[in-house]
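[1] This is a predicted model, with the sequence first.
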Amino acid sequence: MIQRSDYGRLPDGREVQQFLLDNGRGLRLSVLSYGGIVNGLWLGETNLVLGFERLEDYVERNPFFGVIVGRYGNRIAGGRFALDGEVHQLSRNDGAKCLHGGAQGFGTQLWQVEPDTPRDSEAVALLLTRVSEHGEQGFPGRLEVSVRYALLAAENSWRIDYQATTDRPTVVNLTHHGYYNLAGGGSIERHELSIPASRYTKVDEALIPIEHAPVEGTPFDFRTPTPIGARLNAPHPQLLRAKGYDHNWLIDREADRLRPVARLVDPDSGRQMEILSTEPALQFYSGNFLDGSLIGLGGQRYEQHSGLCLETQHSPDSPNREAGPDWPSTTLRPGQTYRSSTLHRFGA
């Protein structure tokens, strides 16, 4: 079942709609046509994501709550990259960096949204589309993008399928930026996290990648379930640099097919989320820069570590690295189709 309703108007008068998807088994997903934002994700009666009550907050002060991230998730150093000998200057919205596609990235754009025909084991599906014109936020190429949200019928799972084509060489790295709290409120420090990755990406003071390094013997080893708060405040240089976890992990298992990349458990409620993805890497962000200044759903004040992000992706700053096994290319050329899939499987 999908219910459509009006959610408000943007400052320029364009109408924003809200879509509520229900798989009939206890999983519901609320989606806005603005930014493709997931502003609610309920397992039973508990909302598992952070967000706002008002459209104005999403427009004026959203720290990427629930948005579709594009054209490029994560950071690009200097807000520029070279492709086929041509340097492209991008929007700089995080110091000298381009973060999550720039100041007017996909999470700030109005998408075309329509219910889609369910496939196979799906209960309901929603298709979001838009065209990112050549030069948008400095990125080359006219990019035609579709993002499909589907809830499965036989299990409480939410699948995201991304697809894009271009008319000239460009770079693409799409992801979803949900802030999760399986307890429905409070801190995520007691949540237990598993990431099947033996290497993570060290960053410099600007949180730009330096190199990939082993997780062995560091606070970045989540190969076995570990409470997030257990080492969150350890005096490790990388944790101090990012004020917590805000790093990329290289998944050990082969990419290009759905396979587990993370598992999150709230031991108090028993709720859990397993993430499967075709992407080669995962960004774990522990909500370090939430500071209590944002009032969200149900009047909650979002303090530091009120939510966490698990973003399936290619590695940050890949356009400025030589493509190879450790830095898979994010280049998309005419005639090619970008595809990426991520599945969130919920249980209790």
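    Alright, I've got the coordinates. Residues are numbered from 1 along each chain as shown.

[2] Look at Gly185 and give its secondary structure.
    For Gly185, the secondary-structure state derived from DSSP: H, G, I helix; E, B strand; the rest coil is coil.

[3] since we're on the closest residue to Asn248 other than its chain neighbours, how many residues are nearby?
    Spatially, and ignoring its direct neighbours in sequence, Asn248 is nearest to Thr201 (4.0 Å; C-beta to C-beta, 6 or more residues apart in numbering). Bear in mind the C-beta positions are built from the backbone N, C-alpha and C, glycine included. Neighbour count for Thr201, taken as other C-beta atoms under 10 Å: 22.

[4] Likewise for Asp84?
    Per other C-beta under 10 Å, the neighbour tally for Asp84 reads 9.

[5] got it, and Tyr285?
    By other C-beta under 10 Å, the residues close to Tyr285 number 20.

[6] Retrieve the pLDDT associated with the residue nearest to Asn248.
    At Thr201, the model reports a pLDDT of 98.

[7] For the stretch 201-348 of the chain, which segments are assigned as helices?
    237-242 (DSSP state H, counting those that start in this stretch).

[8] Okay, strands next: where are they in it?
    Under the criterion DSSP state E, counting those that start in this stretch, the stretch 201-348 of the chain carries strands at the ranges 209-214, 226-227, 246-250, 259-265, 272-277, 281-285, 309-313, 331-332, 338-347.

[9] Just the CA trace of the first one, in PDB.
    Looking back up the chat, that one is strand 209-214. Extracted C-alpha coordinates of strand 209-214, given in PDB (Å, rounded to 0.1, in the frame of the first residue of the first chain):
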ATOM      1  CA  PRO A 209      41.900   9.800   2.600                       C
ATOM      2  CA  ILE A 210      45.600   9.200   3.200                       C
ATOM      3  CA  GLU A 211      45.800   5.400   2.800                       C
ATOM      4  CA  HIS A 212      44.100   2.200   3.500                       C
ATOM      5  CA  ALA A 213      45.300   0.500   6.700                       C
ATOM      6  CA  PRO A 214      44.700  -2.700   8.600                       C
END
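
[10] Remind me what it packs against, helices and strands.
    Packing partners of strand 209-214 (3 or more C-beta pairs under 8 Å, 6 or more residues apart in numbering; DSSP states H and E): strand 199-203.

[11] do you know which of the strands of the stretch 201-348 of the chain lies nearest Ser157?
    Closest to Ser157 of these is strand 338-347 (C-beta to C-beta; 4.6 Å).

[12] Let's test this: mean pLDDT of that closest one, rounded?
    Strand 338-347 shows a mean pLDDT of 98 in the predicted model.

[13] so how far is Gly26 from Val203?
    Using C-beta to C-beta, to the nearest Å, one obtains 39 Å as the distance from Val203 to Gly26.

[14] More neighbours: these two, which one.
    Val203 (20 against 13).

[15] Tell me how many other residues crowd the residue lying closest to Gly8 once chain neighbours are set aside.
    Distances taken as C-beta to C-beta, 6+ apart place Leu55 nearest to Gly8, at 3.8 Å, with adjacent residues excluded. Using other C-beta under 10 Å, Leu55 has 19 other residues around it.

[16] Leu55: what's it in contact with?
    By C-beta atoms under 8 Å, 6 or more residues apart in numbering, the residues touching Leu55 are 7-10, 16, 32, 34.

[17] I'd like the distance between it and Gly307.
    Applying C-beta to C-beta, the value for Leu55 to Gly307 is 20 Å.
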